[in-house]
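Visitor: Here is the input, now give the coordinates:
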Amino acid sequence: MTALGRKRRKPSGLEAAAILVAAAVRAGAAFLPGAGLADSAQAGTLQCGPPAVVSEVAPGVFVRQGAVAMPDGDNRGAIANIGFVIGAEGVAVIDTGGSYCDGMGLKAAIRARTALPVTYVINTHVHPDHIFGNAAFAGEGVSFVAHRNLPRALGERGEHGLQSYAEQVGPEAMQGTKIIPPTELVTDTLRLDLGGRALVLIARPAAHTDADLTVFDEATATLWTGDLIFLDHIPVLDGSLKGWLALTAALMQQPAARIVPGHGPPSAPWPEAGEKQLRYLQRLAEDLRGAIRAGKSISEAAAVCGTGEKDGWQLFGAYNSRNALTGFAELEWD
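Guide: Coordinates of the predicted model:
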């Protein structure tokens, strides 16, 4: 398997550290203190359930739709849209789910469709529901690819994320789950070859998080946005409101037949699928700027800003106030 257009160079200090850490993890070491809820031997004996149910949204493009819900014991953390693309020589996985068993379900779905090897696992960002299934795919010949900022984000948040997710979904659901960091970092654009099928990865500026990556399948003009685009599930701000507003508008100018959003339906037509999110983010920013001009406190602003966009979003009460708090802290210094 080759990467088209990839420039080989001496890795930076951050990249070299990520590669060394990844090698240690594959050898059985934990990336962070306490960063495994079961060792690899125990994980190999786990009974993880049936293959994931996936939809073929375009030829060779498969998506497992996550539940639009908070992670809990019922959904076992399987709340993100995850999936894979099959080429002539190999398979690329795009996000792996919320646990080792979530990842194993996706792996079983792949094996039901092809015997080709999984050569790339692409993580679109740092959030647990998208990356905690990585351990299901760890092994020789698999490259874990992510935004250049992901190693830092994992170092800051990985251990806490494991503990928090286990509290939400239950420790049994998280057995076998451990942090698997990237072995290859995207600093700008990276083109991967699956054998007659190219994926174009782009490291995006701070928006939903500060480690967001998009994946474009040239063969079907399918854009995997990760959580840069939400449908049904209210957008969740964990990076930059101004950056996300600008990037949403920019993404809507990118030609694509469809997107695979991070949450919501398995796919949606583009660019019209971005309109609702753009309107919400614009409304939130306008309300926050008005509250700041009026001298309102951050808690007062969080209670009211963005609420005019409540209709049509699920989990609005769980996340809008948090979005407002994050946005207020950014915009008050404009």
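
Visitor: can you list the weak-confidence ranges in the stretch 1-150 of the chain?
Guide: 1-45 (pLDDT under 70).

Visitor: where along it do the helices fall?
Guide: With DSSP state H, counting those that start in this stretch, the ranges of helices along the stretch 1-150 of the chain come out as 13-26, 40-44, 100-111, 128-131, 150-169.

Visitor: Now do the contacts for Pro269.
Guide: Contact analysis of Pro269 by Cβ atoms under 8 Å, 6 or more residues apart in numbering lists 257-258. Placement of C-beta: from N, CA and C, glycine included.

Visitor: Centre of the chain to stretch 95-108, how far?
Guide: From the chain centre to the centre of stretch 95-108 is a distance of 13 Å (Cα atoms, centre = their mean, to the nearest Å).

Visitor: Let's see that stretch as PDB, backbone CA atoms only.
Guide: C-alpha atoms of stretch 95-108 as PDB (Å, rounded to 0.1, in the frame of the first residue of the first chain):
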ATOM      1  CA  ASP A  95     -13.300   6.500  13.300                       C
ATOM      2  CA  THR A  96     -13.700   3.400  15.400                       C
ATOM      3  CA  GLY A  97     -16.400   4.000  18.000                       C
ATOM      4  CA  GLY A  98     -16.700   4.400  21.700                       C
ATOM      5  CA  SER A  99     -15.000   1.200  23.000                       C
ATOM      6  CA  TYR A 100     -13.000  -1.800  22.100                       C
ATOM      7  CA  CYS A 101     -16.200  -3.800  21.500                       C
ATOM      8  CA  ASP A 102     -17.700  -1.000  19.400                       C
ATOM      9  CA  GLY A 103     -14.500  -1.200  17.200                       C
ATOM     10  CA  MET A 104     -14.800  -5.000  17.100                       C
ATOM     11  CA  GLY A 105     -18.300  -4.800  15.800                       C
ATOM     12  CA  LEU A 106     -17.100  -2.500  13.000                       C
ATOM     13  CA  LYS A 107     -14.200  -4.900  12.300                       C
ATOM     14  CA  ALA A 108     -16.700  -7.800  12.000                       C
END
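
Visitor: Could I get the full set of strands for this protein?
Guide: 55-58, 61-64, 82-86, 91-94, 118-122, 143-147, 184-186, 189-193, 198-203, 213-217, 222-230, 258-263, 268-269 (DSSP state E).

Visitor: Quick one: distance of the third one to the chain centre.
Guide: Strand 82-86 has its C-alpha centroid displaced from the chain centroid by 13 Å (Cα atoms, centre = their mean).

Visitor: returning to what we had before: looking at the strands of the chain, which is closest to Gly327?
Guide: Ranking the strands of the chain by proximity to Gly327 (Cβ to Cβ) places strand 222-230 first, at 15.4 Å.

Visitor: In the sheet, which strands lie alongside the closest one, parallel or antiparallel?
Guide: strand 213-217 (antiparallel), strand 258-263 (parallel) (DSSP bridges).

Visitor: Off-centre distance for the last one?
Guide: Strand 258-263 has its C-alpha centroid displaced from the chain centroid by 11 Å (Cα atoms, centre = their mean).

Visitor: Which of the strands of the chain sits closest to Gln47?
Guide: Judging the strands of the chain by Cβ to Cβ, what sits closest to Gln47 is strand 61-64, at 19.1 Å.

Visitor: Show me the contact partners of that closest one.
Guide: 52-57, 78, 81-86, 97, 105-106, 109-110, 113, 217, 220, 222, 260, 266-267.

Visitor: Tell me which of the strands paired with strand 222-230 is the most buried.
Guide: Across these, averaging neighbours per residue (mean count of other Cβ atoms under 10 Å) puts strand 258-263 on top, at a mean of 27.

Visitor: Now do it against strand 82-86: the angle between them, please.
Guide: 150 degrees (axes from the mean of the first three to the mean of the last three Cα atoms, to 10 degrees).

Visitor: average pLDDT across strand 258-263?
Guide: Averaging pLDDT along strand 258-263 yields 98.

Visitor: who's in contact with it?
Guide: So strand 258-263 is in contact with 57-58, 61, 63, 66, 68, 79-81, 83, 94, 124, 130, 220-233, 266-270, 273-274, going by Cβ under 8 Å, 6+ apart.

Visitor: So which bits of stretch 80-93 are buried?
Guide: 80-87, 90-93 (16 or more other Cβ atoms under 10 Å).

Visitor: Kindly reformat these as TSV and extend each row with distance to Pro117.
Guide: Listed next are those as TSV, based on distance: Cβ to Cβ, whole Å:
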residue	distance to Pro117
Ala80	24
Asn81	23
Ile82	18
Gly83	17
Phe84	12
Val85	13
Ile86	11
Gly87	11
Gly90	5
Val91	7
Ala92	11
Val93	11
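
Visitor: nearest to Ile298, of those?
Guide: Nearest to Ile298 among the buried residues of stretch 80-93: Ala80, at 29.3 Å, using Cβ to Cβ.
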